[in-house]
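**Q** Got a predicted structure plus its sequence, pasted below:
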Amino acid sequence: MSALILLALALAPGVAIMLYIYWKDSHEKEPVGLLLRSFLFGTLSIFVTLLISGIIGLFVQIDEQSLSEQAIHAFLIVALVEEFSKFIFVRGLLYRNANFNEPMDGIVYAVMVSMGFATFENILYVYQGGVATAIARMVTAVPAHATFGVLMGYYLGKAKFEHKKAYYAWHALGVATLFHGAYDYFLFINFVPGIWLGALASLVVGLYLSRKAIRIHQQASPFRDDVSPVEKDAPLP
């Protein structure tokens, strides 16, 4: 199989999801250059993950046949580390940008960072596993990362634009970690017959909540055409 075809297959789901989110940001689109920078931040977050995971690996060993230790592995060592690595770029850099000026922007930037992470990761997996891996991850792992990004971004949007609700930023990290950990946990304990269906269920729930989160923040935009001039001119909370 041509390396270029594998690369195209690895890139396709992330690009499709980013275009979808860009289209859903219907009231006041973000600068393309900043979105590309956000994607780059996501690729950089891979190296933060590798650094933290490498340090943890020096001190923690996981019994792959232990349900409880695999829970620690899934929720803390993998999910929390990966979501924290993305979170520091979204909350630490993009959150303060002047273009982050409506709740929906939290979702947009968090998904762009997540897709940078997921696409980089996907390229590595696809070159190792080939077409079958590319197709499987196209409908599972990459969309899963997108849902983690939407849920993180939803709460970051609330944190920035709801009065005295800055603590929602920690909800953003917690909810993304929870869904990421659940998805991974059911895959890690694949020695239990049929348990992988739990990962599929968590993905379906994540997709449902993501669609709902996008709709809520679209409706909350101060740039909607049906918002009165007085509301548009009012300062953001």
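**A** Sure thing, it's come through.

**Q** in the helix or strand harbouring His145, what counts as buried?
**A** Taking DSSP states H and E as the criterion, His145 maps to helix 141-161. For helix 141-161, a neighbour-count test (16 or more other Cβ atoms under 10 Å) marks 141-161 as buried. C-betas here are computed from N, CA, C, even on glycine.

**Q** for stretch 113-126, same thing?
**A** Neighbour counts over stretch 113-126 (16+ other Cβ under 10 Å) mark 113-123, 125-126 as buried.

**Q** for stretch 44-63, same thing?
**A** Buried positions in stretch 44-63, judged by neighbour count with 16+ other Cβ under 10 Å: Leu44, Ser45, Ile46, Val48, Thr49, Ile52.

**Q** Using JSON lines, please lay out those together with pLDDT, distance to Glu28 and secondary structure.
**A** Output for the buried residues of stretch 44-63, formatted as JSON lines (pLDDT from 0 to 100; distance: Cβ to Cβ, whole Å; DSSP: H, G, I helix; E, B strand; the rest coil):
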{"residue": "Leu44", "pLDDT": "98", "distance to Glu28": "27", "secondary structure": "helix"}
{"residue": "Ser45", "pLDDT": "98", "distance to Glu28": "26", "secondary structure": "helix"}
{"residue": "Ile46", "pLDDT": "97", "distance to Glu28": "30", "secondary structure": "helix"}
{"residue": "Val48", "pLDDT": "98", "distance to Glu28": "30", "secondary structure": "helix"}
{"residue": "Thr49", "pLDDT": "98", "distance to Glu28": "32", "secondary structure": "helix"}
{"residue": "Ile52", "pLDDT": "98", "distance to Glu28": "35", "secondary structure": "helix"}
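
**Q** Closest one to Ser2 out of the residues you listed, please.
**A** Ile46 (24.8 Å; Cβ to Cβ).

**Q** My guess is that closest one contacts Phe89. True?
**A** No: the pair Ile46 / Phe89 is not scored as a contact, 11.2 Å apart, by Cβ atoms under 8 Å.

**Q** picking up where we left off before, does anything pack onto the helix holding His145? Which helices or strands?
**A** In terms of contacts (3 or more Cβ pairs under 8 Å, 6 or more residues apart in numbering; DSSP states H and E), helix 141-161 is packed against helix 3-24, helix 81-92, helix 104-129, helix 168-188, helix 197-219.

**Q** Those: which one's closest to Ser66?
**A** Across the helices and strands packed on helix 141-161, closest to Ser66 is helix 168-188 (Cβ to Cβ), at 10.3 Å.

**Q** Could you export the closest one as PDB, CA atoms only?
**A** Provided in PDB are the C-alpha atoms of helix 168-188 (Å, rounded to 0.1, in the frame of the first residue of the first chain):
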ATOM      1  CA  TYR A 168     -16.200  25.200  34.900                       C
ATOM      2  CA  ALA A 169     -12.700  25.000  33.400                       C
ATOM      3  CA  TRP A 170     -11.900  22.100  35.800                       C
ATOM      4  CA  HIS A 171     -15.200  20.500  34.800                       C
ATOM      5  CA  ALA A 172     -13.900  20.700  31.300                       C
ATOM      6  CA  LEU A 173     -10.800  18.600  32.100                       C
ATOM      7  CA  GLY A 174     -12.800  16.300  34.400                       C
ATOM      8  CA  VAL A 175     -15.600  15.400  31.900                       C
ATOM      9  CA  ALA A 176     -13.100  14.900  29.000                       C
ATOM     10  CA  THR A 177     -11.100  12.600  31.200                       C
ATOM     11  CA  LEU A 178     -14.200  10.700  32.300                       C
ATOM     12  CA  PHE A 179     -15.300   9.900  28.800                       C
ATOM     13  CA  HIS A 180     -11.800   9.200  27.500                       C
ATOM     14  CA  GLY A 181     -11.200   6.900  30.400                       C
ATOM     15  CA  ALA A 182     -14.400   5.000  30.000                       C
ATOM     16  CA  TYR A 183     -13.800   4.500  26.300                       C
ATOM     17  CA  ASP A 184     -10.200   3.200  26.900                       C
ATOM     18  CA  TYR A 185     -11.100   1.100  29.900                       C
ATOM     19  CA  PHE A 186     -13.500  -1.100  28.000                       C
ATOM     20  CA  LEU A 187     -10.800  -1.600  25.300                       C
ATOM     21  CA  PHE A 188      -8.100  -2.300  27.800                       C
END
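
**Q** That'll do, ta.
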